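Peer 1: sequence and computational prediction follow.
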Amino acid sequence: MLRDILAMRAEQSPDRVFAVFEDDEAWTFRETAERSWRCGRGFQRLGLRQGEILVAWLPNGREALLSWFGAASAGLTYTPLNTGYRGPLLENALKLLSARVIVVHAGLIERLVELDLPSIETLVVIGDIDVIPSGLPKIIPWTDLVETGEVDPPILSRPIEPWDDQMIMFTGGTTGASKAVRRPHILYLKMTESCFDRVGVNASDRFLVCAPMFHGGADIPIYAMLRNGGSIAIIHGFRTEKFWDDVRRYRCSVAWIHSTMCLFLWQQPRRDDDDDHPLRLAMQAPLLPDIAGFCERFGIRLYTGYGMTEIPWMFSVLDPKESRTLGKPVDPDFELRLVDEYDRPVADGTPGQLVVRHRVPWAITPGYYRNAEATAAAWRNGWFHSGDVLTRDSDGNYSIVDRVKDSIRRRGENVSAAEVEREILANANVAEAAVIGVEAELEQEVMAFVVPTSERSVTGESLTEFLIERLPYYAVPRYIEFVESLPLNAAFRVDKPVLRQRGISLKTWDRERAGIRLRRERL
């Protein structure tokens with residue numbers, strides 16, 4: 001459990017540096033623990049009880065780290081929200097959680113105005129607010145929470161157990177809204193074993209945290225480095241042109257450069273000092289086709305793997321040679337099957353949906369918070385259904401093929417097609433809409449097929465303007481094609497395989513070609 005690991009590190013290595021921040025401030029293990037304990041006691045003073053949800057809506061930084069570690073120290077369930085959330089998606093997430101307290105950056109406060117959030121009692125605000133909007137819950141400054149009070153570990157009503165939820169993390173929905181994934185403490189341990197211990201990450205390493213801390217690309221590495229006695233450098237986010245400078249500046253030896261991060265680095269002009277840095281090991285997923293070229297150019301070793309927000313890594317491949325092969329399962333306690341639509345095992349060489357279970361209880365998510373229907377669907381017939389299609393060869397090696405779920409993976413973000421469709425249909429000038437993912441250089445881009453209510457009632461520009469106020473930046477479709485009707489299958493549902501086969505055409509409007517580029521807001 002994170003609380004226990006933190007206390008152990010503070011006792012055994014009190015003066016070793018654990019966390020370095022963008023302004024070069026550094027915290028030792030002892031200082032990190034004491035700050036976290038004080039923060040946890042502050043949450044308790046707000047009336048939060050062990051097991052209760054604490055929501056944090058924050059960019060990367062010391063406050064996000066303290067909110068998480070403070071919550072863990074107090075036995076709370078930490079729930080970070082994507083800073084891109086806004087409008088109905090934000091409202092639905094907060095209603096689902098029914099949290100009483102939110103730790104929020106001042107730059108996000110305006111997005112809470114006019115939302116229906118009856119459960120929220122207190123906003124703990126980081127940063128200055130020039131004018132406090134009316135109609136918000138009680139606001140207290142972050143400093144009141146973390147700069148006063150005792151520095152001893154918070155007193156708990158009962159021991160924290162491995163099956164308790166350490167975190168709830170949202171992931172893209174398939175046929176509905178984004179789901180809140182329950183992540184017990186044991187899941188973090190199993191993830192660390194497969195994607196850090198297996199590739200030799202140890203106490204001498206420093207990990208560069210450049211992925212958002214509300215993603216598995218940051219929380220798993222932070223937990224792993226704490227558990228393994230290493231250190232972390234937390235920066236605001238990934239910056240292509242400054243990545244290697246950040247690696248050098250913070251003397252980082254390990255990083256995750258997943259998704260299009262690796263593509264952006266590869267596409268940069270070559271430099272004589274491309275391999276002059278301390279990084280020795282990087283995780284890359286999905287892999288670029290020229291794996292050997294990437295390693296040679298930057299002077300590093302790569303590893304890759306496969307897991308989900310719900311499941312620890314089942315595969316972990318050091319020095320991969322082929323971009324789609326995952327190899328054999330690395331954890332003997334995992335049971336894997338590839339099945340057809342009726343959950344019957346398929347023969348080797350035949351594509352099938354990956355279903356899994358684990359011999360250690362709670363190693364896989366127990367389900368989705370307050371969503372019994374989605375939990376039952378995922379855990380059908382006693383196996384967790386991944387939604388991904390793989391093949392297995394006669395030697396037992398697995399390769400990833402496709403997805404059966406109706407979600408889109410764009411630059412490291414999971415996008416719910418259903419949520420994007422819902423917001424498109426909220427436009428009075430739209431009669432029907434269907435959203436798919438279309439292939440990009442590494443992952444996917446979001447594409448919408450739209451049936452207008454009448455000719456010329458809506459344009460790509462006007463629909464995009466409408467959606468920018470209602471969706472996270474990463475979910476706003478890049479491609480929009482206006483059509484007279486949507487194809488239907490035998491069940492009279494939109495036939496998305498037909499739309500995926502059709503893809504981008506000469507009639508498709510491209511938001512980026514029109515000069516509208518959307519990026520994460522820097523807070």
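Peer 2: Received the coordinates, thanks.
Peer 1: how far away from the center of its chain is the least confident helix or strand in the chain by mean pLDDT?
Peer 2: Comparing helices and strands within the chain by mean pLDDT, DSSP states H and E singles out strand 407-410 as the least confident, with a mean of 74. When C-alpha coordinates are averaged (Cα atoms, centre = their mean, to the nearest Å), strand 407-410 and its chain have centres 12 Å apart.
Peer 1: which other helices and strands does the next helix-or-strand element following it contact?
Peer 2: Counting by DSSP states H and E, the next helix or strand C-terminal to strand 407-410 is strand 413-416. For strand 413-416, the elements it packs on are strand 407-410, judged by 3 or more Cβ pairs under 8 Å, 6 or more residues apart in numbering; DSSP states H and E. In short, each C-beta sits where N, CA and C put it, glycine included.
Peer 1: list the contacts of the strand it packs on.
Peer 2: Contacts with strand 407-410, where a contact means Cβ atoms under 8 Å, 6 or more residues apart in numbering, come from 172-174, 259, 387, 414-417, 435-437, 440, 443-446, 474-475.
Peer 1: please flag which of these sit within strands.
Peer 2: Members of the contacts of strand 407-410 lying in strands (criterion: DSSP state E): Gly387, Asn414, Val415, Ser416, Val435, Ile436, Gly437, Gln444, Glu445, Val446.
Peer 1: and these, which of them are buried?
Peer 2: Neighbour-count burial (16 or more other Cβ atoms under 10 Å) is assigned, among the ones in strands among the contacts of strand 407-410, to Gly387, Asn414, Val415, Ser416, Val435, Ile436, Gly437, Gln444, Glu445, Val446.
Peer 1: and the furthest pair within these?
Peer 2: For these, the maximum inter-member distance is 19.6 Å, found between Gly387 and Glu445 (Cβ to Cβ).
Peer 1: from the buried ones among the ones in strands among the contacts of strand 407-410, pick the one nearest Met191.
Peer 2: Asn414 (17.3 Å).
Peer 1: show me what secondary structure element comes after whichever helix or strand Leu123 is part of.
Peer 2: In this assignment (DSSP H and E), Leu123 forms part of strand 122-126. Tracing the chain past strand 122-126, the next element assigned as helix or strand by DSSP H and E is strand 138-141.
Peer 1: picking up where we left off before, given the least confident helix or strand of the chain, what are its sheet partners and their directions?
Peer 2: strand 413-416 (antiparallel) (DSSP bridges).
Peer 1: would you indicate which residues of stretch 296-303 are buried?
Peer 2: Phe298, Ile300, Leu302, Tyr303.
Peer 1: does the second one touch Leu279 like I think?
Peer 2: Yes. Ile300 sits in contact with Leu279 when judged by Cβ atoms under 8 Å, with a separation of 5.5 Å.
Peer 1: hey, where'd the helices end up in this protein?
Peer 2: Secondary structure of the chain (DSSP state H): helices at 2-12, 29-45, 62-73, 87-97, 142-146, 185-192, 216-228, 243-249, 260-267, 291-298, 372-378, 417-425, 460-468, 496-502.
Peer 1: with just CA atoms, put the last one into PDB.
Peer 2: C-alpha atoms of helix 496-502 as PDB (Å, rounded to 0.1, in the frame of the first residue of the first chain):
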ATOM      1  CA  LYS A 496     -19.700   1.400 -38.200                       C
ATOM      2  CA  PRO A 497     -17.600  -1.200 -40.000                       C
ATOM      3  CA  VAL A 498     -19.000   0.200 -43.300                       C
ATOM      4  CA  LEU A 499     -18.100   3.700 -42.100                       C
ATOM      5  CA  ARG A 500     -14.600   2.600 -41.100                       C
ATOM      6  CA  GLN A 501     -14.100   1.000 -44.500                       C
ATOM      7  CA  ARG A 502     -15.200   4.200 -46.200                       C
END
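Peer 1: point out where the stretch 101-250 of the chain drops to low pLDDT.
Peer 2: Under the criterion pLDDT under 70, the flagged ranges of the stretch 101-250 of the chain are 172-177.
Peer 1: what of the stretch 401-523 of the chain?
Peer 2: In the stretch 401-523 of the chain, residues with pLDDT under 70: 402-407, 442, 456, 490-492.
Peer 1: give me the number of residues near Arg519?
Peer 2: 8 (other Cβ atoms under 10 Å).
Peer 1: I figured it hits Tyr473, correct?
Peer 2: Yes. Using Cβ under 8 Å, Arg519 makes contact with Tyr473 at a distance of 6.4 Å.
Peer 1: so what's Thr309 up against?
Peer 2: Residues counted as contacts of Thr309 (Cβ under 8 Å, 6+ apart) are Met169, Thr171, Val181, Arg183, Gly216, Thr365, Asn414.
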